[in-house]
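Enquirer: Need a 3D model of the following:
(one chain, ligands or ions: 1)
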Amino acid sequence: MDLSEIRKRYDQDGFVSPISILDEQEAQKQRRILEHTEADVGNLHYKFKIHTAMPSAFEVATNPKLLDAVETILGPNILLYSVSYIIKEPHSASHVSWHQDLTYWGLSCDDQVSAWLALSPATMESGCMRMIPGSHLGGKREHQLIEDENNVLLNGQNVIGVDEKAAVYCPLSPGEVSLHHGWTLHASMPNISHDRRIGLNIQYLAPHVRQLKNPEDGAILVRGEDHYNNFPVDMPATKPNDPAQWAYRQKLSDRIQNIQSTTI
Ligand SMILES: O=C(O)CCC(=O)C(=O)O
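Expert: All right, here's what the predicted structure looks like:
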C-alpha cells in the first residue's frame, strides 16, 4: 500500500490495515527476543513503556517504514509515547471490549495514532482486532465501566450498543501492522487458537499534544523536531537485561497506569 493510500483509508475509515513492516525473519527474531526476555523477567503482557527496558521494542517503534506511514498521518514531527505487548495466550478467554483509546489517556487533542504490529498470526481465531469504519468521525462515545477479569483493558471500559454487523476484522501476518485513530471504536475476541496472539502496540503523538492529567508523563522525539517540549523526555533502552532500565520502566509505567485508570 502506498503512503497516499494509507492516508486516504485512515482519514475515511479511522484505521488502515494491513501494512507490511517487518519480514518473516525479523518478526520471528522479535518474537524470540520477547520470549527469551519473558523467560528471564516473567510475562510481558500489557507492560507500558516497554521500549525503555527493551531495545528490541524501541527498534520496532522507530522502524523507518513504520514512521513513514505514521508521518503521512501526523506530519513530519513524531513523538513516541508508549509501547506495550498485548498477548493473548492460546485458548484463553482474554478479550478487549468495544472502546475508544482517547477517552482515558488525558491528551489535549486527537493528533495521535496507534500502531498494532503482529508478532504471531493475528486471525479471527486468535482474536485479531475488529474496527468500526468511520467511527472516529463521531467523536467521543459514552463508556460504561464493567468489571470483567477477562477484559484486557484496565478499567473494563465498554461502549454499549455498537453495531457489530458493521465491524471489520483486521487479520495480520507476523510483521504486518494496523494503524488506528484514537476515536475509532475497536475490540477483539478471545484467542481460541493453539498459538499465542502477540501484538506490539505502539502509540505516537504530534508534539503539540499536551498531557492534561500529569505533566511528568514523558515521550521521545523519534522523527523531525519538537518546538513545544510539552513532554519530558523518556530514555529509550540502550541495552538488554539492564535492571536499572527495568526499574526506570516500572516508574514510568506506574505513572501511565495511574493516568489511564481514570476517565476524563
Ligand atoms: O490487542 C488487542 O486485541 C486490542 C488492542 C487495543 O485495544 C489497542 O491497540 O488500542
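Enquirer: Tell me the spacing between His136 and Pro232.
Expert: As defined by C-beta to C-beta, to the nearest Å, His136 lies at a distance of 29 Å from Pro232. For glycine as for every other residue, the C-beta is placed from the backbone atoms N, C-alpha and C.
Enquirer: between these two, which one's more packed in?
Expert: His136 (23 against 11; other C-beta atoms under 10 Å).
Enquirer: Make sure the more buried one is indeed in a helix.
Expert: Yes. The assignment for His136 is a helix, going by DSSP: H, G, I helix; E, B strand; the rest coil.
Enquirer: right, and it touches Thr184 too?
Expert: Yes. Using C-beta atoms under 8 Å, His136 is in contact with Thr184, at 4.5 Å.
Enquirer: where do the helices sit along the protein?
Expert: Assigned by DSSP state H, the chain shows helices spanning 3-13, 24-41, 55-61, 64-74, 243-260.
Enquirer: neighbours around the nearest residue in space to His136 that is not next to it in sequence, how many?
Expert: Residue nearest to His136 in three dimensions, not counting chain neighbours: Gly14, with 3.1 Å by C-beta to C-beta, 6 or more residues apart in numbering. Gly14 is flanked by 24 other residues according to other C-beta under 10 Å.
Enquirer: Look at Gly14 and report its pLDDT.
Expert: Gly14 is assigned a pLDDT of 98 by the prediction.
Enquirer: circling back to that earlier point, so of the helices of the chain, which one's packed in deepest?
Expert: Counting by mean count of other C-beta atoms under 10 Å, helix 55-61 has the highest mean neighbour count of those, with a mean of 21.
Enquirer: mind checking how far Trp98 is from the ligand?
Expert: 10 Å (C-beta to the nearest ligand atom, to the nearest Å).
Enquirer: so what's the residue of the stretch 101-250 of the chain at minimum distance from the ligand up against?
Expert: In the stretch 101-250 of the chain, the residue that lies nearest the ligand is Ser188 (3.2 Å; C-beta to the nearest ligand atom). With contacts defined as C-beta atoms under 8 Å, 6 or more residues apart in numbering, the neighbours of Ser188 are Lys88, His95, Val96, Gly127, Cys128, Met129, Arg130.
Enquirer: Closest one of those to Glu71?
Expert: Minimum distance to Glu71 across the contacts of Ser188 is 22.2 Å, recorded for Met129 (C-beta to C-beta).
Enquirer: That closest one reaches Met189, doesn't it?
Expert: No. Counting by C-beta under 8 Å, Met129 stays clear of Met189, with 9.7 Å between them.
Enquirer: For those two, indicate the residue with more neighbours.
Expert: Set Met129 next to Met189 and count neighbours by other C-beta under 10 Å: Met129 wins out with 26 against 18.
Enquirer: where does the stretch 101-250 of the chain come near the ligand, residue by residue?
Expert: The stretch 101-250 of the chain has residues Asp101, Ser114, Trp116, Met129, His186, Ser188, Gly199, Asn201 near the ligand, with proximity defined as C-beta under 6 Å from any ligand atom.
Enquirer: mind redoing it with 8 Å?
Expert: 101, 114, 116, 127-129, 152-153, 180, 186-188, 197, 199, 201 (C-beta under 8 Å from any ligand atom).
Enquirer: so what pLDDT did Leu185 get?
Expert: 97.
Enquirer: So what's the residue count around it?
Expert: Using other C-beta under 10 Å, Leu185 has 24 other residues around it.
Enquirer: And Tyr169, by the same measure?
Expert: Tyr169 has 14 neighbouring residues, counting by other C-beta under 10 Å.
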